[in-house]
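1. Make a model of this:
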Amino acid sequence: MSDFLNKNNHIGDLSIELDKLMEVINNSDTGFNVKQETYHKNASYAKKYWELKYMIEKLESDRYIYRTDIFKGDIKANDDWSYKLTLDGVLFLENGGYKNRNKKVRLNNTWVVVKIIANIINAVSIMSIAFLSYMVSKDTKLKDDKIELQEREIGRLTSKLDTHKYKIHNNSIKDSSNTDGNK
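-> Model (predicted):
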């Protein structure tokens, strides 16, 4: 495996390499010729052919570059072409390129994580409030039930007391009538 892949397996480093390649293509008046750039020592962007191939494929699939055939006179050179930036590629590069896009993606991902955490905290707090409300309601119901039982007991005892008062009153009336009759 090449140093390129080992060194650039991190997305940030690959973004820098793609941005550099786009700048080289953008600065080339005649276009970026892959064969010329990879085989000549004095090339403006020297990489191994297959490394450039993957990077070129990525830029093409993102529609930031397009391929043009190279003609030598009126004859098209076989398997020889150059690349130029599309308008989207120029605008993308002016807006910071892959490095800036990946930075925005990381910021967006961070924002999504922050929103998820906030939603989880919100859900937990709502569940906690609901649980506390349930417990307060349950406690209040138990107190209400206890008060109702006490009120029933008071009512029962009051009724008993009234019955006893009535009996005592009736007995005192009988006793007074008996004592009046014995005299």
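2. residues contacting Thr86?
-> By C-beta atoms under 8 Å, 6 or more residues apart in numbering, the contact set of Thr86 is Arg63, Tyr64, Ile65, Tyr66. Where C-beta positions appear, they are placed from N, C-alpha and C, glycine not excepted.
3. And those residues, which is closest to His169?
-> Nearest to His169 among the contacts of Thr86, counting by C-beta to C-beta, is Arg63 at 107.4 Å.
4. secondary structure class for that closest one?
-> coil (DSSP: H, G, I helix; E, B strand; the rest coil).
5. Isn't it up against Val90?
-> No: here Arg63 does not reach Val90: they are 12.0 Å apart, not a contact under C-beta atoms under 8 Å.
6. and Lys84, how many neighbours?
-> By other C-beta atoms under 10 Å, the residues close to Lys84 number 17.
7. Kindly report the same for the one 3 residues further on.
-> Here the count is done by other C-beta under 10 Å, and Leu87 has 9 residues near it.
8. again with Thr30
-> If you count neighbours by other C-beta under 10 Å, Thr30 ends up with 10.
9. quick one, phi psi at it?
-> Torsion angles at Thr30 (phi, psi; degrees, to the nearest 10) stand at phi -100, psi 0.
10. do Arg101 as well
-> Dihedral angles for Arg101 - degrees, to the nearest 10 - are phi -60, psi -40.
11. now swap in Arg67 and tell me
-> Recorded main-chain torsions at Arg67 are phi -100, psi 140, according to degrees, to the nearest 10.
12. Give me the nearest residue to it, chain neighbours excluded.
-> The shortest distance from Arg67 to any non-neighbouring residue, by C-beta to C-beta, 6 or more residues apart in numbering, is to Trp81 (4.9 Å).
13. May I have the secondary structure class of the one you found?
-> strand.
14. is it in a bridge, and if so with what?
-> Note on Trp81: beta-bridge partners Asp69, judged by DSSP bridges.
15. Who are the packing partners of the one helix or strand Thr110 maps to?
-> In the assignment (DSSP states H and E), Thr110 maps to helix 97-182. Judged by 3 or more C-beta pairs under 8 Å, 6 or more residues apart in numbering; DSSP states H and E, helix 97-182 is in contact with helix 11-27.
16. ok and the helix it packs on relative to helix 97-182, angle-wise?
-> 140 degrees (axes from the mean of the first three to the mean of the last three C-alpha atoms, to 10 degrees).
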